[in-house]
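K.L.:
How does the following fold in three dimensions:
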Amino acid sequence: MKQRLITGIIAGIIFLGFCVIGNMPFHLLVLGMSLIGYYEFVRMIKVRPFSGIATLGFLGVFMIMFPWKLLKITYTPQWELIWILLFLLMLMTVLSKNRINIAQISLLLLGVLYIGSGFYFIAESRHAADGYGLFWTFLLLFSIWASDAGAYFVGKQWGRNKLWPAISPNKTVEGALGGIIIAILIALIFAACSGGLLGYGRAVLIGLTCAVIGQLGDLIQSAYKRAYNIKDSGKLLPGHGGILDRCDSWIIVFPFVHIVMLLPY
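P.N.:
Numbering: from 1, shown residues only. From the prediction side, this is the model:
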């Protein structure tokens with residue numbers, strides 16, 4: 001627990017520091033995190049990280065995360081990039097005479113979409129066009145962290161009913177509800193300090209979303225780690241595991257709030 005706390009504080013301070021700096025340093029940090037996350041994913045699904053098909057996946061994540069807008073390059077990869085990557089991966093099944101199979105390339109493409117889109121929207125939040133990217137990024141991060149902390153401490157103190165024991169045996173219904181309430185309170189505090197930028201109704205929705213979708217993101221990762229019989233996705237962060245272990249909620253919440261247009265910009 002002590003190691004986990006120390007690592008969390010240090011990593012949090014570094015990440016929040018880059019959030020404050022913003023612009024290219026922040027984007028490059030998030031790009032690096034996305035590539036490390038994809039490396040963890042590739043290893044988990046038992047594909048050699050530096051094989052040809054894995055390299056295509058890394059290239060896909062890199063292209064999604066490349067700072068096109070910051071470099072004022074008008075082209076931004078969208079569906080055409082996904083199609084090209086899909087075509088090349090499927091072509092590898094032909095060229096390898098099915099030594100590389102459809103299951104492998106499907107998982108690699110899934111990883112590109114899951115990890116690439118997640119970190120892309122983290123970067124996009126900080127680069128928000130309204131100029132308040134730091135506020136929106138902190139709002140989502142602190143709401144997610146509040147949900148995690150609330151679920152842990154409330155569940156530890158009052159948890160009695162298991163939430164989803166087949167996937168994550170330690171999570172409880174009471175903890176999940178505690179996480180939701182605390183995340184909403186944090187979002188309301190942001191609204192109160194926003195000078196009218198964020199309304200209280202929208203703050204409640206954002207806090208609720210960060211808690212519910214964030215906990216689902218946690219369960220999603222728990223499910224696929226259980227399928228591969230691993231505890232942590234990596235060992236980069238002592239006491240926390242890998243990048244995907246630490247960012248499992250982020251890479252689901254950030255895309256979700258953008259897609260449903262919860263952020264008012």
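
K.L.:
my guess is Leu197 meets Leu134, correct?
P.N.:
No. Here Leu197 lies out of contact with Leu134, judged by CB atoms under 8 Å, at a distance of 11.7 Å. All C-beta atoms are positioned from the backbone trio N, CA, C, and that covers glycine.

K.L.:
and Leu163, that one's in a strand?
P.N.:
Yes. Counting by DSSP: H, G, I helix; E, B strand; the rest coil, Leu163 is located in a strand.

K.L.:
Contact partners for the nearest residue to it once chain neighbours are set aside?
P.N.:
Nearest non-adjacent residue to Leu163, counting by CB to CB, 6 or more residues apart in numbering: Lys171, 4.2 Å away. Contacts here follow CB atoms under 8 Å, 6 or more residues apart in numbering; on that basis Lys171 touches Ala151, Gly155, Lys162, Leu163, Trp164, Gln215, Asp218, Leu219.

K.L.:
would Lys171 count as being in a helix?
P.N.:
No. Using three-state DSSP, the assignment for Lys171 is strand, not a helix.

K.L.:
gap between Ile115 and Ala129?
P.N.:
For Ile115, the distance to Ala129 equals 24 Å [CB to CB, to the nearest Å].

K.L.:
Of those two, give the one with the bigger neighbour count.
P.N.:
Applying other CB atoms under 10 Å to Ile115 and Ala129 shows that Ile115 carries more neighbours, namely 28 against 9.

K.L.:
which residues does that one contact?
P.N.:
Contacts of Ile115 were listed using CB under 8 Å, 6+ apart, and they are Ser34, Gly37, Tyr38, Phe41, Val61, Leu244, Ile251.

K.L.:
7 Å instead, please
P.N.:
Remark: with contacts taken as CB atoms under 7 Å, 6 or more residues apart in numbering, Ile115 is in contact with Ser34, Gly37, Tyr38, Phe41, Val61, Ile251.

K.L.:
Just put the residues you listed in TSV and tack on secondary structure.
P.N.:
Formatted as TSV, the contacts of Ile115 follow (three-state DSSP):
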residue	secondary structure
Ser34	helix
Gly37	helix
Tyr38	helix
Phe41	helix
Val61	helix
Ile251	helix
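
K.L.:
want to throw those residues into CSV with distance to Trp68?
P.N.:
Shown next, in CSV, are those (distance: CB to CB, whole Å):
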residue, distance to Trp68
Ser34, 15
Gly37, 20
Tyr38, 19
Phe41, 23
Val61, 14
Ile251, 20
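
K.L.:
Let's have those residues in TSV, adding neighbour count, distance to Phe18 and pLDDT.
P.N.:
Putting those into TSV (neighbours: other CB atoms under 10 Å; distance: CB to CB, whole Å; pLDDT from 0 to 100) gives the following:
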residue	neighbour count	distance to Phe18	pLDDT
Ser34	27	14	98
Gly37	28	16	97
Tyr38	27	20	97
Phe41	27	23	96
Val61	26	19	97
Ile251	26	17	97
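
K.L.:
Many thanks, I have nothing further to ask.
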